[in-house]
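1. Make a model of this:
(one chain, ligands or ions: 1)
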Amino acid sequence: MNCGMQQSVREMGLCLALACGLGLDQAVEARPLKIVTSFVPAYCFAANAAGDLATVENLLPADVDPHDYQLAPRDLVKLGEADVVVVNGLSLEGWLNKAIESAGGRHFPRVVQLAGGLSAKELIYDADAPWAQHAEFHPAMESRFANPHLWLDPQLAEHAMTNICRALQEADPANAAAYARNTGAYVLRLQKLDEDIRAAAASFTRRDIVTDHNAFPYFARRYGLNVVGVVEEVDEVPPSPKQLARLERAMQAKRITVIFTSPPTPPREASQIASDLGITVATLNTIEIGPLKGSTYEDEMRQNLRVLETNLR
Ligand SMILES: [Zn+2]
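-> Reported below is the predicted structural model:
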């Protein structure tokens, strides 16, 4: 090939690649890896594993709840351009199946799930919760649906980091060692977070909690808390008067003094319960929305810890 000055920039790139003994595929692959994530925790974990080796873009705007997201045509374009797509799994991103269907068998990027590889023993099923024994039947509570909120347990976040690291290494083998280093550094931070929560939880005098939706079963299991009930037994489905009355009775029996809600729009029944029982409302963030920066997960988990210390000690 003639590498003369008259050639276009694109041809020059190919020319240089060939001069270095690389084929066209590798020359194209030389651009930074493109990662698209579904929601804030996936963004934080991917950004920490990637460091400066990849671009990370969150599909959902920072203030949109992944539970009820509707896929837009522009999202299909973003997904199509990605090398790796990082999602939670466990039915949190129902829209992902639609995206894969829309691709119609054409190439779809590598998808890695935070929940990938978790055993049935590690998963929690909503229908198994003690409060669910009295819940009104709803198809979404069938036991085959595992609760998706695993990221709120730092040890399961560590598991998610392993999944992400492996996917990035497969997509970009040349930087495998760097992804392992980045992941290792962040896992140490997650382990410190886990230790700090465990140490604080050991001194809680109250262990019974009530939240606005069932987002904290993994966290509660990890740190010895007991979820007495939730306001929305099925996400986005308002409680019936009968269910509310049952929850209030359970809270009174356990002498619960606080109800935890998460931004941006807690169900109005939560403040109703607080006023009925004369108790307070405090914010325990599910981190389903939040600022798109690498530190958000840790920042919000530590803020949650401060809230729990204030309310459960
Ligand atoms: Zn949720």
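2. where does the stretch 51-200 of the chain dip in pLDDT?
-> 137-144 (pLDDT under 70).
3. 80 instead, please
-> 67-68, 104-105, 134-144 (pLDDT under 80).
4. Run through the helices of it in chain order.
-> Shown for the stretch 51-200 of the chain, the helices assigned by DSSP state H, counting those that start in this stretch span residues 73-81, 95-102, 154-171, 176-201.
5. measure Ala82 to Ile209 for me?
-> Ala82 sits 37 Å away from Ile209, going by C-beta to C-beta, to the nearest Å. All C-beta spots, glycine's among them, are computed from the backbone N, C-alpha and C.
6. Between those two, tell me which one has more neighbours.
-> Ile209 (24 against 21; other C-beta atoms under 10 Å).
7. And the residue nearest the centre of the chain?
-> With distances taken as C-alpha atoms, centre = their mean, Pro41 lies nearest the centre of the chain, 4.1 Å away.
8. check contacts around that residue.
-> Counting by C-beta atoms under 8 Å, 6 or more residues apart in numbering, Pro41 touches 88, 114, 151, 157, 160, 287, 297.
9. and the fourth one, how many neighbours?
-> Translated: Ala157. When neighbours are defined as other C-beta under 10 Å, Ala157 has 24 of them.
10. Surely it is in contact with Phe45?
-> Yes - applying C-beta atoms under 8 Å as the test, Ala157 and Phe45 come out as touching, 6.7 Å apart.
11. and for those two, which residues touch both?
-> 114, 151, 297.
12. Most neighbours of all those residues, which one?
-> When neighbours are taken as other C-beta under 10 Å, the top entry among the shared contacts of Ala157 and Phe45 is Leu114 (29 neighbours).
13. Ramachandran coordinates for it?
-> phi -60, psi -40 (degrees, to the nearest 10).
14. measure it to Leu60 for me?
-> 15 Å.
15. Surely Ala42 touches Leu92?
-> No - contact criterion C-beta under 8 Å: Ala42 and Leu92 do not qualify, at 9.5 Å.
16. Looking at the two, which one has more neighbours?
-> The neighbour comparison of Ala42 against Leu92 (other C-beta under 10 Å) goes to Ala42, with 31 against 25.
17. what's near enough to touch that one?
-> 58, 86-88, 114, 160 are the contacts of Ala42 under C-beta under 8 Å, 6+ apart.
18. ok, so of these, who is nearest Thr205?
-> Set against Thr205, the nearest of the contacts of Ala42 by C-beta to C-beta is Ala160 (31.8 Å).
19. Hmm, the closest one is touching Pro154, no?
-> No - with contact defined as C-beta under 8 Å, Ala160 does not count as touching Pro154 (10.1 Å).
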